[in-house]
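1. Sequence unavailable; structure follows:
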């Protein structure tokens, strides 16, 4: 029986190659798109779950407000890990990271420096807490003791041409010598540690700010089995009164927790599961760039509707061409076939088409996966040998075939044999309301995605074109200038003297990702804890403001001819707001940096600069100050317009003269700026791709309905032409009904798209507005696409010879 049904189904499919090719193509694209998105979502949802006991590992966070805007930080104070281990018995283990950024490493017998982009100091519990397997070395001793480090196998190959590197020596930043005591596999690409290649022992790190007031350590805890994180919330928060307030009393004698909170300040400690960090953490000082759970919701929506659109498209195309099979149904019923047998036959056909679409979809995924990985910065692999994947895929395809084929099967099985054999089936076929609803659903989703694509693109353009308060164009960043030692200053001057260079400044503090340094400042005469100003303190040189084109609102820049500028300070508008001063009032004010014994640094305000963006536009601009102090990590070079390659070549020559054998490491500031918004840029590109796919599938559905309508009204069209109707009049009459459906879809989609994308934009402190122009553009694009799709079938029907359609009458 089944074999016979399959034979008949295959013959029926071959009889209508155009229809079934469209059906298969639509379903294949829907399946491929959904499968691709599903692989992406699965990877995102499984971040950090590969680590042993991942469900028991949590990160300690702090939300704090102290003399400035509130901050949400993923780093806490250095002493906190030990205090947690001593005071909270439910905690089994603690681990601290002190990220160190880019480090230059060289072997003891070579001066050639090799850069490692992501490095960190880590406690000796690193290997045990995350269950890392050492390829070489003793896991219990790998980071126990000073001047030890663990490297990944890729890093070992890079430095020693072998992974068997135990006992080898590496010089860090041309300073201390470390011994390799462990080699681990490269860390998983769906882990927050994915980019880290070197971990130095924490005992090697000297921290002058190892106190309860400085938050510099990403701290993780492992709970004992069956411990609820809520059980440690109270003792964790209790550490503020037990440790932080006594620390503050050293500088503010007699201060109590109540007084601290009464002044509007607060410090809240909390924990976050390790497996939630990637999608739910958007805090300062995260160890890696995270994803966003909202993007997962958006992509899930796209995947769901891609497959739904493909299914709807199948239904519309199948019913559009069902009239050609009406006599077949009539004959089958006359010869004794019952309704259930016909339904089984039609479902078998839809099953075969869906299975074929699945195979094509899998091939499409395999072919396009490398390009998708490059677009999404992923390392997704097709799960060829995963039985769960194949079982789930086959089950999903079976359900899809059943759902997609059910409406056409029931629709065609209801044909009355007496009517269809008389040739009057065209007047009795129903279901037009259902088909119209399906088209409305398709275009509602398409218009929604068009709005989403336009809004994401507009926000990215807003970020690119917004006045940032500094110049990032034609700015070259030369990294690791501190390698030159005392020669850094002369290197800067040599670069400034080049004709292709406008200006140059030396600092490790940039508006794009770089060093950050929060510190406490007090205005003269305002030394109480409720008058503290928490402010960034950036160390710069005399050329910093001019090189980056920062705007001075009041006062002056640093001047090398004025010796007292060594104790001068320049602040931004946000600092003024916290101090409740106007720019003119701030000039000449004395500011003290630090508290207690550290408050010996006294500065005089000589200038006020306009706010500039030095964090993501998701965040407010915080108080910031510039101070004259050496910081030789980077040379910031403002290039003149012209041949940039020639300018870089000249800088390379100057670098080689001072540092032979050490390659010049540089990048442009606009590239560094774009790194901050990589997630948004990827989302925008993914939106465009899947919006195009959804529109294509929706157009196939509309095309099918137009074909159905033209076929159903073929005699009406013939009569109208005989009576003198023009091609344009007939085309208009055939197109108008479809445009009404598109208009309804637009009316439904516009408010939904506006609401959803406004919510997405709420994550940005500085954002664009969704104006009427975007909504009108989405509507116009939808109408234009619909017209192009409909016009083919409408014009084809309008120019047909009426004699052929009327000869049966």
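-> All right, it came through fine. What you are looking at is a predicted structure, and each value in this text was computed from that prediction instead of being measured.

2. Which element, helix or strand, includes the closest residue to residue 688 other than its chain neighbours?
-> Distances taken as CB to CB, 6 or more residues apart in numbering put residue 453 closest to residue 688, at 5.5 Å, once the chain neighbours are dropped. All C-beta spots, glycine's among them, are computed from the backbone N, C-alpha and C. If you go by DSSP states H and E, residue 453 is part of helix 432-465.

3. List the buried residues of that helix.
-> 435-436, 438-460, 462-463 (16 or more other CB atoms under 10 Å).

4. same thing with stretch 462-480?
-> 462-463, 468-472, 474-480.

5. Taking the centroid of the protein, which residue is nearest it?
-> residue 679 (2.5 Å; CA atoms, centre = their mean).

6. quick one: contacts for it?
-> Residues near residue 679 by CB atoms under 8 Å, 6 or more residues apart in numbering: 289, 291-292, 295.

7. cool, and residue 700?
-> Neighbours of residue 700 in contact, by CB under 8 Å, 6+ apart: 22, 25-26, 313, 317.

8. quick revisit: kindly present the buried residues of stretch 462-480 as CSV, with separate columns for secondary structure, distance to residue 192 and pLDDT.
-> Converted to CSV, the buried residues of stretch 462-480 look like this (DSSP: H, G, I helix; E, B strand; the rest coil; distance: CB to CB, whole Å; pLDDT from 0 to 100):
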residue, secondary structure, distance to residue 192, pLDDT
462, helix, 29, 89
463, helix, 25, 84
468, coil, 29, 89
469, coil, 31, 90
470, coil, 30, 92
471, coil, 33, 90
472, coil, 28, 90
474, coil, 35, 92
475, strand, 30, 93
476, strand, 31, 94
477, strand, 26, 93
478, strand, 29, 92
479, strand, 24, 87
480, coil, 25, 83
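
9. need the residues you listed in a markdown table with distance to residue 712, can you?
-> What follows is the buried residues of stretch 462-480, written out as a markdown table (distance: CB to CB, whole Å):
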| residue | distance to residue 712 |
| --- | --- |
| 462 | 48 |
| 463 | 51 |
| 468 | 59 |
| 469 | 63 |
| 470 | 64 |
| 471 | 64 |
| 472 | 60 |
| 474 | 64 |
| 475 | 65 |
| 476 | 67 |
| 477 | 66 |
| 478 | 71 |
| 479 | 69 |
| 480 | 73 |
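
10. ok, of those, which one's closest to residue 206?
-> residue 480 (20.7 Å; CB to CB).

11. Wait, that closest one touches residue 102, no?
-> Yes. Between residue 480 and residue 102 there is a contact at 7.1 Å, judged by CB atoms under 8 Å.

12. anything in contact with each of those two?
-> Here residue 480 and residue 102 have residue 115 as joint contacts, going by CB under 8 Å, 6+ apart.

13. what's around residue 608, how many residues?
-> Other residues near residue 608 come to 23 when the count uses other CB atoms under 10 Å.

14. secondary structure element for it?
-> Residue 608 belongs to strand 601-609, assigned by DSSP H and E.

15. May I have the strands that pair with that strand, each with its orientation?
-> Sheet pairing for strand 601-609, assigned by DSSP bridges, gives strand 552-555 (antiparallel), strand 568-572 (parallel), strand 590-593 (antiparallel).

16. re the thing from before, narrow the contacts of residue 700 to those in helices?
-> 22, 25-26, 313, 317 (DSSP state H).

17. Scan those and report the most crowded one.
-> residue 313 (31 neighbours).

18. Give me the pLDDT for that residue.
-> Note for residue 313: predicted pLDDT of 79.

19. Verify the stated contact: it with residue 704.
-> Yes. Here residue 313 lies in contact with residue 704, judged by CB under 8 Å, at a distance of 6.9 Å.

20. Report the beta-bridge partners for the residue lying closest to residue 562 once chain neighbours are set aside.
-> For residue 562, ignoring the flanking residues on the chain, the nearest one in space by CB to CB, 6+ apart is residue 568 at 7.9 Å. In this entry, residue 568 is beta-bridged to residue 604, by DSSP bridges.

21. what's the neighbour count on residue 568?
-> 20.

22. Please apply the same query to residue 282.
-> Quick note: residue 282 (other CB under 10 Å) scores 16 neighbours.

23. With the one 3 residues further on instead?
-> Counted with other CB under 10 Å, the burial measure for residue 285 works out to 15 neighbours.

24. Test my guess that it contacts residue 218.
-> Yes. Counting by CB under 8 Å, residue 285 does reach residue 218; the two are 7.2 Å apart.

25. on that earlier part again, ok, the residue nearest to residue 562 - contacts?
-> Shown in contact with residue 568 (CB under 8 Å, 6+ apart): 558, 562, 603-606, 627-628.

26. likewise residue 123?
-> Residue 123 neighbours (CB under 8 Å, 6+ apart): 81, 94-96, 143, 202.

27. Now, the residues you listed that are in strands?
-> Those of the contacts of residue 123 mapping onto strands are 94-96, per DSSP state E.

28. For residue 35, state which of these is nearest.
-> Among the ones in strands among the contacts of residue 123, and counting by CB to CB, the member closest to residue 35 is residue 95, at 37.4 Å.

29. about what we covered before: overlap in contacts, residue 285 and residue 218.
-> Taking CB under 8 Å, 6+ apart as the contact rule, residue 285 and residue 218 both touch 74-75, 99.

30. So which of those sit within strands?
-> Using DSSP E, residue 99 are the members of those that sit in strands.

31. quick one: low-confidence ranges for the stretch 101-250 of the chain?
-> Within the stretch 101-250 of the chain, the ranges that satisfy pLDDT under 70 run 111, 208.

32. for the stretch 301-450 of the chain, that is, sorry about that
-> For the stretch 301-450 of the chain (pLDDT under 70), the answer is 319-339, 341-342, 407-432.

33. If we use 80, what do you get?
-> 313-350, 404-436, 438 (pLDDT under 80).

34. any chance you could map the helices in it?
-> 326-334, 339-376, 387-413, 417-420, 432-465 (DSSP state H, counting those that start in this stretch).

35. In a markdown table, list those helices along with distance to residue 176.
-> What follows is the helices of the stretch 301-450 of the chain, written out as a markdown table (distance: least, CB to CB, whole Å):
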| stretch | distance to residue 176 |
| --- | --- |
| helix 326-334 | 84 |
| helix 339-376 | 38 |
| helix 387-413 | 48 |
| helix 417-420 | 89 |
| helix 432-465 | 40 |
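
36. can you pull the contacts of the nearest residue in space to residue 77 that is not next to it in sequence?
-> Distance criterion CB to CB, 6+ apart; nearest residue to residue 77, sequence neighbours excluded, is residue 212 at 4.8 Å. By CB under 8 Å, 6+ apart, the residues touching residue 212 are 77, 79-80, 243-244, 247.

37. and those residues, which of them are in strands?
-> residue 77.

38. which of the contacts of residue 212 lies closest to residue 766?
-> residue 77 (30.8 Å).

39. Name the nearest of the buried residues of stretch 462-480 relative to residue 106.
-> Of all these, residue 106 sits closest to residue 480, with 12.2 Å by CB to CB.

40. what's the spacing between that closest one and residue 635?
-> Residue 480 sits 10 Å away from residue 635, going by CB to CB, to the nearest Å.

41. hmm, back to that, quick check: the farthest pair among the contacts of residue 212?
-> The largest separation in the contacts of residue 212, counting by CB to CB, is between 80 and 247 at 11.4 Å.

42. More neighbours: which of these two?
-> residue 80 (24 against 14).

43. could you list every residue that touches the more buried one?
-> 60, 212, 217, 219, 239, 243.

44. Would you state the helices of the stretch 451-600 of the chain in chain order?
-> Going by DSSP H, counting those that start in this stretch, the stretch 451-600 of the chain shows helices at 488-496, 544-548, 573-579, 583-586.
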